[in-house]
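Student: fold the stuff below for me.
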Amino acid sequence: MGALDPTCAGPLDSASLDWRAMTPAARSLAPVTLLFIAASLVHFVHNAEWIADYPGLPESWTRTGVYTAWIGMTLVGVVGWCWLALRFSRLGLSLMAVHALLGITSLGHYALAPVAAHTASMHLTILLEVGAACVVLYRVCRLAASSPRPLRGVS
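Tutor: Now for the predicted structure:
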């Protein structure tokens with residue numbers, strides 16, 4: 001017996017996961033989400049590899065910890081996108097919004113140390129991640145606001 005389809009229409013099969021069968025919202029968010037994940041990875045790799053050079057970071061932060069944080073943060077977005085693709089709009093968009101907000105928190109670097117204390121490459125990776133996160137958050141909010149019917153999912 002196959003897994004249950006979340007729409008309660010029957011077993012979940014490979015056709016349920018077909019790109020063409022996905023919600024337009026999931027298809028439209030895929031490219032910007034992938035761009036955000038890539039920008040986030042660039043920033044987190046830079047942060048992990050040059051952690052001692054980032055001003056104001058706690059000494060307790062480690063290279064492994066930075067990579068672990070990226071994996072956890074990214075899983076929130078990927079799981080959200082998967083729920084959206086499976087037509088659980090409210091849950092999917094909510095998780096994707098959380099993922100984007102986590103990316104925007106990279107601006108916290110500027111709360112820990114003055115702007116002038118960061119190198120050009122630090123600024124570039126931080127701002128690329130934050131910019132991509134803002135695009136995802138904007139698109140998620142637009143999709144949530146433009147839904148013609150109540151969003152389906154966990155309330």
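
Student: tell me which element the closest residue to Leu29 other than its chain neighbours is part of?
Tutor: Counting by C-beta to C-beta, 6 or more residues apart in numbering, Arg139 is the residue found nearest to Leu29 once chain neighbours are left out, at 5.9 Å. Heads up, the C-betas are built off the backbone N, CA and C, glycines and all. Assessed by DSSP states H and E, Arg139 sits inside helix 120-145.

Student: in that helix, what's buried?
Tutor: 122, 125-126, 128-130, 132-133, 135-137, 139-140, 143-144 (16 or more other C-beta atoms under 10 Å).

Student: Pro55: what secondary structure?
Tutor: coil (DSSP: H, G, I helix; E, B strand; the rest coil).

Student: Ala30 now?
Tutor: Classified using three-state DSSP, Ala30 is helix.

Student: quick check: closest non-adjacent residue to it.
Tutor: Closest to Ala30 by C-beta to C-beta, 6+ apart is Trp81, at 7.1 Å.

Student: my read is that that neighbour contacts Pro31, right?
Tutor: No: Trp81 lies out of contact with Pro31 (C-beta atoms under 8 Å); the separation is 11.3 Å.

Student: who has more neighbours, those two?
Tutor: Trp81 (24 against 10; other C-beta atoms under 10 Å).

Student: tell me where the chain has helices.
Tutor: 24-49, 63-85, 89-104, 109-112, 120-145 (DSSP state H).

Student: who are the packing partners of the last one?
Tutor: So the one you mean is helix 120-145. The elements that helix 120-145 packs onto, with contact taken as 3 or more C-beta pairs under 8 Å, 6 or more residues apart in numbering; DSSP states H and E, are helix 24-49, helix 89-104, helix 109-112.

Student: just name the most buried of those.
Tutor: helix 89-104 (a mean of 21; mean count of other C-beta atoms under 10 Å).
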